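Q: I need the structure of the sequence given here:
(chains A, B and C)
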Amino acid sequence: MKGGATMVKTEQIQLRSQGNSQVIDITEPVGKIVVGCGLRAGVVTLFHVGSTAGLTTTEYEPGLARHDLKAAFERIAPEAGHYEHESTWHDDNGHSHVRASLLGPSLSVPFAEGRLTLGTWQQIILIDFDTRPRNRTIICQIIGE
Amino acid sequence: MKGGATMVKTEQIQLRSQGNSQVIDITEPVGKIVVGCGLRAGVVTLFHVGSTAGLTTTEYEPGLARHDLKAAFERIAPEAGHYEHESTWHDDNGHSHVRASLLGPSLSVPFAEGRLTLGTWQQIILIDFDTRPRNRTIICQIIGE
Amino acid sequence: MKGGATMVKTEQIQLRSQGNSQVIDITEPVGKIVVGCGLRAGVVTLFHVGSTAGLTTTEYEPGLARHDLKAAFERIAPEAGHYEHESTWHDDNGHSHVRASLLGPSLSVPFAEGRLTLGTWQQIILIDFDTRPRNRTIICQIIGE
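A: Residues are numbered from 1 along each chain as shown, chains lettered A, B, ... in the order given. Below is the predicted model:
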């Protein structure tokens, strides 16, 4: 094995979200950053900056994206539930924080031969749980060779 | 500190799963890939290719593996629930997709002195949520020195 | 792009936890390790060693940390529920294992210009789900340049 040509490249994806568990497909901008960096193989570390949204993958189609994922999070952390967070800050997004912590802010996706190793029906998504529109930043950092 | 000898190695683990929230211990094949790459320290990025299974760790014993984990996912996304995904595709695995998105497709496990930094009672597992037997591919990518 | 100066540094964070879904903010020790390694950009892979605690991020304030996160995990895996794990080992922490597997043991946080890319109100936390006080080890591995 040869080595010694590994490098780090840190980029950002910026987007506007509507909140309320909106699911946003970010596969295309992530793929463009991978192609643009010109590296052959490595890992993309995605990290959402903030505590009311998270990252995962899904088959991005309207049923899952607009209904089914939100319904599951409503079971885990109901919007109308009682949250001490809301007593602390007098706001309305306790459920948003809980959902985001459970989903998690980071996702690591390998790439090889210049392409993300996603399945055909597998897209990278941000789920924004906040209760109002937000500008979001996702760090997209590549380590590879 | 010295540096400059970091390299990337991308392998795959292939397996046959029965689906229905089957829990499969993949610690041994991951460990073999780490030993086989001959690197001293680094990170293994595991990534499940597809949108109806996910990765995590657990104490791999029959109680958790065959009953308790499945029971929790049944609370989050019941098999008999209503899923718009199933209206889109006329299939039966809406709950499989939701469970997989919540668990997540990626797991990052450091290794040092040639060994995974797992606890004694901590195994790396795939949980396959699909409703039928599937052939599965897990990318196992090592970046280290 | 230049390259070839990427290196790996593996450290540990040790702490004492009270268990029972205690939330512990580990942002400061992680940040110190990043500053101490003297690297400019890269990724911190955090990994909890053991199968009854997990890692994520949250806004670390008393409402979320002492009440809201625990309440959500109580919905997913109730402490008083039935767990086959407890029949296997005659212990009482089946719910701890299930919660830890769902939250996940690993978290990947990029850093750039020597600083973690966290939001202002976003802290790195360990949630310890075990039913008794525990000594915990979190691997903190840095790959960067």
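
Q: spit out the contact partners of the spatially most central residue of chain A.
A: Of all residues in chain A, the one closest to the mean position by C-alpha atoms, centre = their mean is residue A:55, 2.5 Å from it. Residue A:55 sits next to A:46-48, A:103-107, A:124-127, A:138 when contact means C-beta atoms under 8 Å, 6 or more residues apart in numbering or on different chains. For the C-beta atoms, the positions are set from N, CA and C on the backbone; glycine is no exception.

Q: do that again at 6 Å, thanks
A: By C-beta atoms under 6 Å, 6 or more residues apart in numbering or on different chains, the contact list for residue A:55 reads A:46, A:48, A:107, A:126.

Q: also residue A:95?
A: A:77, A:79.

Q: which SS class is it?
A: Of the three states, residue A:95 takes helix under DSSP: H, G, I helix; E, B strand; the rest coil.

Q: can you check what pLDDT the model gives residue A:4?
A: Here, the pLDDT recorded for residue A:4 equals 55.

Q: okay, and the helix or strand of chain A with the least pLDDT?
A: Lowest on mean pLDDT, DSSP states H and E among the helices and strands of chain A sits helix A:84-89, with a mean of 87.

Q: just the residues contacting it, thanks.
A: By C-beta under 6 Å, 6+ apart, helix A:84-89 touches A:94, A:97, C:61, C:63-64, C:67-68.

Q: using PDB, list the CA coordinates for it.
A: Extracted in PDB, the C-alpha atoms of helix A:84-89 (Å, rounded to 0.1, in the frame of the first residue of the first chain):
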ATOM      1  CA  GLU A  84     -39.000  21.900  30.900                       C
ATOM      2  CA  HIS A  85     -36.900  23.500  28.200                       C
ATOM      3  CA  GLU A  86     -39.800  25.700  27.400                       C
ATOM      4  CA  SER A  87     -40.100  26.800  31.000                       C
ATOM      5  CA  THR A  88     -36.300  27.700  30.900                       C
ATOM      6  CA  TRP A  89     -36.500  29.900  27.800                       C
END
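
Q: go back to the contacts of residue A:55 and keep what's next to chain B.
A: residue A:107 (C-beta under 6 Å from any C-beta of the partner chain).

Q: can you put the contacts of residue A:55 in JSON lines and add pLDDT and neighbour count?
A: Shown next, in JSON lines, are the contacts of residue A:55 (pLDDT from 0 to 100; neighbours: other C-beta atoms under 10 Å in any protein chain shown):
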{"residue": "A:46", "pLDDT": "98", "neighbour count": "23"}
{"residue": "A:48", "pLDDT": "98", "neighbour count": "28"}
{"residue": "A:107", "pLDDT": "98", "neighbour count": "27"}
{"residue": "A:126", "pLDDT": "98", "neighbour count": "22"}
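
Q: cool, thanks, signing off.
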